[in-house]
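Asker: A structural model of the following input is requested.
(chains A and B)
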Number of protein chains: 2
Amino acid sequence: MKIALAQINYHIGNFESNIEKIKSAIRQAKDAGAELVVFAELAVSGYPPRDFLEFDDFINKCHIAITDIATKCRGIAAIVGSPTKNPDFHGKNLYNSAYFLADGKVRNVRHKTLLPNYDVFDEYRYFEPNKKFSIIEYKGAKIALTICEDLWNIGNDPLYTVNPMDELIGQEPDFMINIAASPFNYNQHITRNCILKKNVKKYGVPLFYVNHVGAQTELLFDGGSQVIDGNGHLIGELKYFEEDFRIFDTDNLQADQEHKPGDNYPEGKIKIGLIHDALVMGVKNYFQKLGFTKAILGLSGGIDSAVTLALAVEALGRQNVLSVMLPSQFSSDHSINDSEILIKNLGSPAQIINIEEAYTAFEHSLKPFFKDLPFGLAEENLQARIRGVLLMALSNKFGYILLNTSNKSEAAVGYGTLYGDMCGGLSLLGDVYKTEVFELARYINLKEEIIPENIITKPPSAELRPNQKDSDSLPEYEILDKILFQYIEQRQGPKELIEMGFDEAVVRKILKLVNTNEYKRHQTPPILRISTKAFGMGRRMPIVGKYLA
Amino acid sequence: MKIALAQINYHIGNFESNIEKIKSAIRQAKDAGAELVVFAELAVSGYPPRDFLEFDDFINKCHIAITDIATKCRGIAAIVGSPTKNPDFHGKNLYNSAYFLADGKVRNVRHKTLLPNYDVFDEYRYFEPNKKFSIIEYKGAKIALTICEDLWNIGNDPLYTVNPMDELIGQEPDFMINIAASPFNYNQHITRNCILKKNVKKYGVPLFYVNHVGAQTELLFDGGSQVIDGNGHLIGELKYFEEDFRIFDTDNLQADQEHKPGDNYPEGKIKIGLIHDALVMGVKNYFQKLGFTKAILGLSGGIDSAVTLALAVEALGRQNVLSVMLPSQFSSDHSINDSEILIKNLGSPAQIINIEEAYTAFEHSLKPFFKDLPFGLAEENLQARIRGVLLMALSNKFGYILLNTSNKSEAAVGYGTLYGDMCGGLSLLGDVYKTEVFELARYINLKEEIIPENIITKPPSAELRPNQKDSDSLPEYEILDKILFQYIEQRQGPKELIEMGFDEAVVRKILKLVNTNEYKRHQTPPILRISTKAFGMGRRMPIVGKYLA
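Answerer: Next comes the predicted model:
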């Protein structure tokens, strides 16, 4: 059987666009002689639809979409993900389902059994788990059809007490099809391939896997749809970060070349290359799907805004990203000079607005209250907020979206000003540790120097008071980021961290900073997620808690 | 058997304080001759601990707390909620459990079966559902012990396929005990009592119910712990919004007076009275638990900031709430006059800072870009943001927490300035529709006029341009709020709203405004939740979606 994998960038709730893309791929598959074309999980609605699923109107639109798409399935079958209503009185009102469409109508429906409800996932919020298992027969082939997480209960710490394929394998399927919406992280290409191969090795039949591609606000989907033969060999893997379409023949599964996931990146640069491409896609899709074209950002002369600018230019085009330099009396000369070189290298537009005039006005207005109190945090934040106000004024006036330039290390310890440098519609680097931002800068400079060397090598500084350095109030980033990674991604506690050899006082200080700054992160822009644990929807912490604080 | 109900205000992750409160209530119960004292769900950790539950260190601290508390249970037994580890290889790693402590040690443990995972709840994120059912025997009594949601699968749309009490009733319990963490909404006192009575009527035995009280950031717990006899009569109900403690005798369950939930409020004012008390508790606990005492807010002369001020003064004390009037050239005379009367009525401190100086400075700095473009949204937002910067400067300098004054109607349609009037550490009115804000003002004025009549009766205006009225760009609040309620709380779609008689164009405009302004609400402060559907953790929407938008 010739099976087409359609790896598509859907838009949540944009039924018109999603239906059109699906129909177009059905035509393409049919024209190319495929007998079955496979789409991703919840394809008609986009993933994750979140609480739109609680609206009957939204579910009805999904049903109408499936009925519409089914009419195009003549001379070809299609598997399409969609929510469906649970007809039973007891249990949640919906299933997360896969439709098998053929002969112009719905032929079979299968429901998802394992509903991920950790990190960024909330599927048990909406869906009833499936409890019935049966394969689908089509043109003499027996197909074990499952949905994403259904294949993932195969690791060392099984989250669920059932395994759908254990139930289906007794019905002797010829192959497995899994439709997925499995978000990216910089290890995901390996994890995914490893989990899928484990399934093939356990059940002994080939696997056809179709994933989402594209960004849905903070969630990035890298694609990487693939086919693995019954011996566990990767037969073909679809592109990362792009829509793709390929047809495979179940009777002739041969790898056209030796291929490993991530092969397209330079040796030793796979992680940072993936992060780079993921972020560029994230920015591009955010703007496209919102219908915006132009971005603005504050260029400080530091590495975070430099890398943000370079990524934004790659995503949106050099003419569409306006840099604004906002110097104060504390800005060093090199801040402007370095920024100007960067802008010249990129060929993108830039402006300068000195913040001293606004600062003086605020200073004067606040004088009756501040009197002769010494310069401090309030004055530092004031500068950052004036920059925020200026950038937002330009954003409002000319229709730019402001890009946030904070990195994950800063966001973690609260080293940033709420309503100041923490402003923005989207955070590009909020899931990228400072040490990784340096790696990104080096990666961007691989072919030619785009980010001036001085921006990469000078000591990081917020430049909000004379001769300020990040290292005045924080440990060196090499240490800080290691502690943060162990705490945030690995959920290690103070005891484990101290046992790893980190200084106890530093550990306790950092963990306290992370926990007491939850209130700031509560008000930050959505952060493009590239790790296994990003701030935002996947990390849910009390604000008024008192733990390690 | 004499059973004490201990209704306590816990602090998430503050083990020291929680343990001390629990031990103190055990002493009190023992001294008063009780044989059993009952605490709420997840009492040792506070509720909801959210992703703290993913840290082994946090779970270990819960275990240590239970061991510690058990040592005090000599001559008295206690039921205490805590997370426990799931020893099975398969399934999630934790249970949401109730410990039965007696003779100085852990005597029994029971786990929660029904794990709420809707609205503000994420319990399936952490916990494995219980599958074994057995009663606890103690001093000759058979006790059916369940946890919160376990009793709630009894309505018209059962979310779960099992009912724990159906399993337990066959073991012929003498009474039910349910430990809960059931958050407030303005109908909750009725809903709760109704659900609990349904259980008593179905199972025919008395019920002892212990709830949390107090605020955990946005979540408000109203208490209302209660005892219902086997005939469905309310024997006693503990206080709302306060810690409370009462002992009941299972051999002598008699209502000391005819009492209905909500009885303590004036006729026709129960809803708004509950909202008032809930908000005051919310503010008070937010400050107490964070260790802050002083609040600041911008007083515009409008009703939202007036009501916010009155509530804050009640919660924190008049001397602890600083009002700042921030007039511009567009402020009407009555804005300052009305505010001054309000401040006089409350006896709280106030300051005036004119924003024109800062505005002029920004205007000048932006002139090279704005040139002669007409005054518009950018200039309106600029004023709101200057106010935000000034308030935050005072907040940073003097240790105030800024109170946000936005209401739910504004938050819904995006009628507010990000980083301007949407600033703040906590939103008091973000779940209160504008029409309800008026009701709150009238309620606050019940005994004497605190909020000047003119603030209540004048047409709402943002005063960001000459002669601006909210009704210039929005429907009248009477209409707007009804549409918003149907869409947000009731999840009605455009079709249903139009069938209800609302104008189609207005409906489509409002629903589009709600959906396209998700990006603003993503960056707002936590909102005290008083309805069944508040913005924030209980309403999870895509930002880059395109549904009804």
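
Asker: and residue A:329, how many residues sit next to it?
Answerer: Close neighbours of residue A:329, defined as other CB atoms under 10 Å in any protein chain shown, add up to 12. C-betas here are computed from N, CA, C, even on glycine.

Asker: How about residue A:131?
Answerer: Neighbourhood size, residue A:131 [other CB under 10 Å]: 11.

Asker: quick one: contacts for it?
Answerer: Shown in contact with residue A:131 (CB atoms under 8 Å, 6 or more residues apart in numbering or on different chains): residue A:113.

Asker: Let me know the secondary structure of it.
Answerer: coil (DSSP: H, G, I helix; E, B strand; the rest coil).

Asker: Can you report how many residues lie near the residue nearest to residue A:175 when sequence neighbours are not counted?
Answerer: Closest residue in space to residue A:175, ignoring its immediate chain neighbours: residue A:206 at 4.4 Å, by CB to CB, 6 or more residues apart in numbering or on different chains. Other residues near residue A:206 number 23, with proximity taken as other CB under 10 Å.

Asker: try the one 5 residues further on
Answerer: A count of nearby residues for residue A:211, using other CB under 10 Å, gives 26.

Asker: From residue B:124, how far off is it?
Answerer: Applying CB to CB, to the nearest Å, one obtains 24 Å for the distance of residue A:211 from residue B:124.

Asker: what is the mean pLDDT for the helix or strand hosting residue A:280?
Answerer: Element membership of residue A:280, judged by DSSP states H and E, is helix A:270-290. Helix A:270-290 shows a mean pLDDT of 98.

Asker: Okay, buried residues for that helix please.
Answerer: Using 16 or more other CB atoms under 10 Å in any protein chain shown as the test for burial, helix A:270-290 gives A:270-290.

Asker: next one: stretch A:30-45
Answerer: Those would be A:30, A:34-45, for stretch A:30-45 by 16+ other CB under 10 Å.

Asker: from those residues, which ones fall inside helices?
Answerer: residue A:30 (DSSP state H).

Asker: Can you pick out the most distant pair from the buried residues of stretch A:30-45?
Answerer: A:35 and A:45 (26.0 Å; CB to CB).

Asker: Give me the neighbour count for residue A:166.
Answerer: 13.

Asker: any idea which helix or strand carries residue A:514?
Answerer: Assigned by DSSP H and E, residue A:514 falls in helix A:504-516.

Asker: you'd agree residue A:99 is up against residue A:82?
Answerer: Yes - counting by CB atoms under 8 Å, residue A:99 touches residue A:82, with 5.9 Å between them.

Asker: quick one: which of these two has more around it?
Answerer: residue A:99 (25 against 22).

Asker: ok, that one to chain B distance?
Answerer: The spacing between residue A:99 and chain B, counted by CB to the nearest CB, to the nearest Å, is 20 Å.

Asker: secondary structure class for that residue?
Answerer: The three-state label given to residue A:99 by three-state DSSP is strand.

Asker: Quick one: work out the angle between the helix holding residue A:280 and helix B:504-516.
Answerer: Put simply, helix A:270-290 runs at 160 degrees to helix B:504-516, going by axes from the mean of the first three to the mean of the last three CA atoms, to 10 degrees.

Asker: Which elements pack onto helix A:270-290?
Answerer: strand A:213-216, strand A:219-222, helix A:303-316, strand A:401-404, strand A:426-427, helix A:434-444 (3 or more CB pairs under 8 Å, 6 or more residues apart in numbering or on different chains; DSSP states H and E).

Asker: 10 Å - rerun?
Answerer: Counting by 3 or more CB pairs under 10 Å, 6 or more residues apart in numbering or on different chains; DSSP states H and E, the packing neighbours recorded for helix A:270-290 are helix A:188-203, strand A:213-216, strand A:219-222, strand A:295-298, helix A:303-316, strand A:401-404, strand A:426-427, helix A:434-444.

Asker: Let me have these in CSV, adding mean neighbour count and mean pLDDT as columns.
Answerer: CSV is the format used below for the helices and strands packed on helix A:270-290 (neighbours: other CB atoms under 10 Å in any protein chain shown; pLDDT from 0 to 100):
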stretch, mean neighbour count, mean pLDDT
helix A:188-203, 18, 97
strand A:213-216, 27, 98
strand A:219-222, 27, 98
strand A:295-298, 25, 98
helix A:303-316, 26, 98
strand A:401-404, 24, 98
strand A:426-427, 27, 98
helix A:434-444, 21, 98
